[in-house]
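Asks: I'll drop the sequence and a predicted model, then ask my questions.
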Amino acid sequence: MRLPAFARSARVLLTGMAACLAAGLAAGAAAAAATWTIKPGGAVTLGLVTATIKDTTTAATITCKRGNLTGKLTPGSGLTGTSAGRITGGAIDGCAGPGPLPWRITLPGLPWHINLISYDGSTAVVRGTVSHLEISAAGSGCSFVIDGTGGGASNGTVKFTYSDRTHRVKTSGGNLHIFTVHGCSGLVASGDRVSLTASFTLAPAQVITSP
């Protein structure tokens, strides 16, 4: 029996939706199945090359030239990219910004979580995120917290890349904002978006690949 035109259209639409859903589920399953290899893993140090904290509304900027972060990467193969490592300690100094020196940067949100997202084999570059961030900044008559959704939430996130060839980690992007402002005379304001661009050298050198 020949179906009415509207019924045929509905069947075509439903068939197309089912195909799209199946493709989406297949892609999701493939992404979920992605695994990682980290060698040698274990204890690592990220030596700071430079870091810049910038209020993108007021353009107030703090630049830091010294420091180290310490942590651990999970060694092995067949690893999930989620929480592939942690930053558990560190100190950042040599920081200059608006007003008299020094500016002090502290890291109350530790540990930070390292999550791996994608790997480009042609360039040997890993992409991922560092999550659970909270950073405090204090200068002369000015202090504030950098976080994701609120001071003390410890849910800030930044994106990063890591090169297997240069062993450099570079951060950019993310969801960082300023909160809990004291003083500051308009240099920054609560809710302002923050960019955190930084470069580190990872030691010992790691080879991180997927699959």
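Replies: Now that the structure is in, tell me what you want to look at. Numbering: from 1, shown residues only.
Asks: quick one: low-confidence ranges for this protein?
Replies: Counting by pLDDT under 70, the chain has low-confidence residues at 1-33.
Asks: domain parsing for it?
Replies: 1-33, 34-209 (automatic domain parsing).
Asks: Tell me which of those sits most buried.
Replies: Most buried of the domains of the chain, by mean neighbour count (mean count of other C-beta atoms under 10 Å): domain 34-209, with a mean of 17. In short, each C-beta sits where N, CA and C put it, glycine included.
Asks: Regarding that domain, how distant is the last residue from the first?
Replies: End-to-end distance of domain 34-209: 11 Å, with C-alpha to C-alpha, to the nearest Å as the criterion.
Asks: same deal with stretch 116-135?
Replies: End-to-end span of stretch 116-135 (C-alpha to C-alpha): 22 Å.
Asks: Please apply the same query to stretch 105-125.
Replies: Note: stretch 105-125 ends 29 Å apart using C-alpha to C-alpha.
Asks: distance between it and the chain's centre?
Replies: On the basis of C-alpha atoms, centre = their mean, to the nearest Å, stretch 105-125 sits 6 Å off its chain's mean C-alpha point.
Asks: what does stretch 80-87 give?
Replies: 12 Å.
Asks: cool, stretch 183-192 as well?
Replies: Worked out by C-alpha atoms, centre = their mean, stretch 183-192 lies 24 Å from the chain centre.
Asks: now the helices for the chain?
Replies: Assigned by DSSP state H, the helices in the chain fall at 5-33.
Asks: residue contacts, the residue nearest to residue 155 when sequence neighbours are not counted?
Replies: Leaving aside its sequence neighbours, residue 155 sits nearest to residue 148 (C-beta to C-beta, 6 or more residues apart in numbering; 3.9 Å). Taking C-beta atoms under 8 Å, 6 or more residues apart in numbering as the criterion, residue 148 is in contact with 133, 154, 155, 156, 157, 175, 176, 177.
Asks: Please repeat the previous calculation with a cut-off of 7 Å.
Replies: 155, 156, 157, 175, 176 (C-beta atoms under 7 Å, 6 or more residues apart in numbering).
Asks: Tell me the one of those nearest residue 139?
Replies: Relative to residue 139, the closest of those is residue 176; by C-beta to C-beta it sits at 18.1 Å.
Asks: what's the closest one sitting at in phi/psi?
Replies: phi -80, psi 140 (degrees, to the nearest 10).
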